[in-house]
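*Asks:* mind folding the following:
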Amino acid sequence: VQLQASGGGLVQAGGSLRLSCAASGLTFSSYAMYWFRQAPGKERENVAAITEGGDSTYYTDSVKGRFTISRDNGRNTGYLRMNSLKPEDTAVYYCAVDRYYLVKAANEYDYWGQGTQVTVSS
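*Replies:* As a prediction, the model looks like this:
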């Protein structure tokens, strides 16, 4: 199983990025998908989540109205569209999948991808 996160980079405040998480080796449509982030010196934070079929989503308060999580099960890929980026969004972003939606602790999730760095300059 592999989750390949991509799309990070350096952007000015107010800008946008779209992260992708390409999944292989599993039936992607059977898993809820998550985006987490971790900034230096801070705890890992669950940014957004989406159910297997995409019918329900979750966002942490600090990104509501700015970030959009989505998925294309036909392409085995999940996305995180990030608009109106702020310097405080700077972090390494990770995608993860789990058979359950917002049930287990994050460290129990089934699979994690490698991170992609997002840096927002002021």
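*Asks:* please make it C-alpha for all contacts and neighbour counts, starting now.
*Replies:* OK.
*Asks:* what sits against the closest residue to residue 28 other than its chain neighbours?
*Replies:* Counting by CA to CA, 6 or more residues apart in numbering, residue 28 lies nearest to residue 76, which is 5.6 Å off, once chain neighbours are set aside. If a contact means CA atoms under 8 Å, 6 or more residues apart in numbering, then residue 76 has 22-24, 28-29 as its contacts.
*Asks:* so which of those residues sit within helices?
*Replies:* When helices are assigned by DSSP state H, not one member of the contacts of residue 76 lies inside them.
*Asks:* quick check, nearest of those residues to residue 42?
*Replies:* Within the set of the contacts of residue 76, residue 22 lies nearest residue 42; the separation is 26.2 Å, counting by CA to CA.
*Asks:* what does the pLDDT read for residue 107?
*Replies:* Each residue has a pLDDT score; the one for residue 107 is 88.
*Asks:* ok so it is a helix residue?
*Replies:* Yes - with DSSP: H, G, I helix; E, B strand; the rest coil as the criterion, residue 107 is part of a helix.
*Asks:* quick one: buried ones out of the contacts of residue 76?
*Replies:* Buried residues within these, counting neighbours by 16 or more other CA atoms under 10 Å: 22-23, 28-29.
*Asks:* closest to residue 87 among the residues you listed?
*Replies:* Proximity of those to residue 87, judged by CA to CA, is greatest for residue 22, which lies at 26.1 Å.
*Asks:* in the sheet, who's paired with the spatially closest residue to that closest one that is not a sequence neighbour?
*Replies:* Closest residue in space to residue 22, ignoring its immediate chain neighbours: residue 77 at 4.4 Å, by CA to CA, 6+ apart. The bridge-partner assignment for residue 77, based on DSSP bridges, gives residue 22, residue 72.
*Asks:* how close does residue 77 get to residue 41?
*Replies:* Computed with CA to CA, to the nearest Å, the distance linking residue 77 and residue 41 is 30 Å.
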